[in-house]
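A.B. asks: quick check, what structure comes out for this input:
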Amino acid sequence: MRGHLVHIIDTLNVPVRVGRGPTIIPVRPLPEVDAIVPRIGTSITFYGLAVVRQFEAKEVVTTASSRAIARSRDKLHSLQIMGDSGLPIPNTTVVSTPEEIWNAINLAGGLPVIIKVIRGTQGRGVFLATEMHTVESILNSLRGAREQMLIQEFIREAQGTDIRVIVVGNRCVASMERKAAAGEFRSNLHRGGTASPIKLDQNTRILASRAAQVHGLGVAGVDLVQSKRGPLLLEVNSSPGLEGIERATREDIATEIIRYLEREEKKKIHRNRQKRKRRKK
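C.D. replies: Below is the predicted model of the structure:
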């Protein structure tokens, strides 16, 4: 693509050993590359981050640092980051014991509520609870897995729709509105949802870009929902799927990502030149 040679590296095929200190060292040398696009699945987050850190140690340009990936992957931490930055999010409470349930539901504005496991993707681990016995059933089933949960207000006026925005280098390059399938509240395309392109207003574009920034992500998928209070941020994804949104919007997002990496590589070369000049003085 654009004249670049591309290597596909299976993270799990990079055996590592632990050296002195906390560093994890690949048994075989990693390929010499100028930039990486980490695609770390939720099931291998810990291992995948270790491999990304090795590239970072070599100052390889990346669309997402290991720290940024970890921030976005933890839903609670991600919401805390956005809330602390003054960005609008739905009313959310984390719970781990039955005694906290009623208070959390009241803080969310009462039933119905959305229940989310702290780590999940593509709509997995997300539930809609309309009655109290449903809440208790979900919590009991998840408690066995020792999962803490987020109880979040249900934005009724969204009517099963949300917005996915792809941010590349602080710029919104594509956006689509997703609508849940009949009988489903999750709008994920993997759950049968449908998508159509949507033009964002300036406020929403700034909000999506800011959400990626506060996580430290050069490339991100940002999910929002329209509410009576205005757009609310749902979550930020460091490894957003491109097929669905490229099909819906006809935007060449992959090329935008490569251009972003080219710009970042030029910036790195310029910084290194400046450092060498300062050393010579």
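A.B. asks: quick one, strands of the stretch 51-200 of the chain?
C.D. replies: Remark: strands assigned in the stretch 51-200 of the chain by DSSP state E, counting those that start in this stretch are 61-62, 92-95, 113-117, 126-129, 149-153, 161-168, 171-179, 194-197.
A.B. asks: can you list the ones you listed in a markdown table and add mean neighbour count?
C.D. replies: For glycine as for every other residue, the C-beta is placed from the backbone atoms N, C-alpha and C. Shown next, in a markdown table, are the strands of the stretch 51-200 of the chain (neighbours: other CB atoms under 10 Å):
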| stretch | mean neighbour count |
| --- | --- |
| strand 61-62 | 22 |
| strand 92-95 | 19 |
| strand 113-117 | 22 |
| strand 126-129 | 19 |
| strand 149-153 | 23 |
| strand 161-168 | 24 |
| strand 171-179 | 20 |
| strand 194-197 | 14 |
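A.B. asks: hmm, which helix or strand of the protein has the shakiest average pLDDT?
C.D. replies: Among the helices and strands of the chain, strand 24-26 carries the lowest confidence by mean pLDDT, DSSP states H and E, at a mean of 59.
A.B. asks: after that strand, which helix or strand is next?
C.D. replies: strand 35-36 (DSSP states H and E).
A.B. asks: show me the shaky parts of this protein.
C.D. replies: Low-confidence segments of the chain, defined by pLDDT under 70: 1, 16-28, 98, 119-124, 139, 142-147, 183-192, 281.
A.B. asks: centroid-nearest residue for it?
C.D. replies: Asn237 (1.4 Å; CA atoms, centre = their mean).
A.B. asks: and the gap between that one and Glu136?
C.D. replies: Per CB to CB, to the nearest Å, Asn237 is found 30 Å from Glu136.
A.B. asks: again with Ala180
C.D. replies: Distance of Ala180 to Glu136, computed by CB to CB: 25 Å.
A.B. asks: those two: who's more crowded?
C.D. replies: Taking other CB atoms under 10 Å, Ala180 and Glu136 do not tie; Ala180 has more neighbours (20 against 13).
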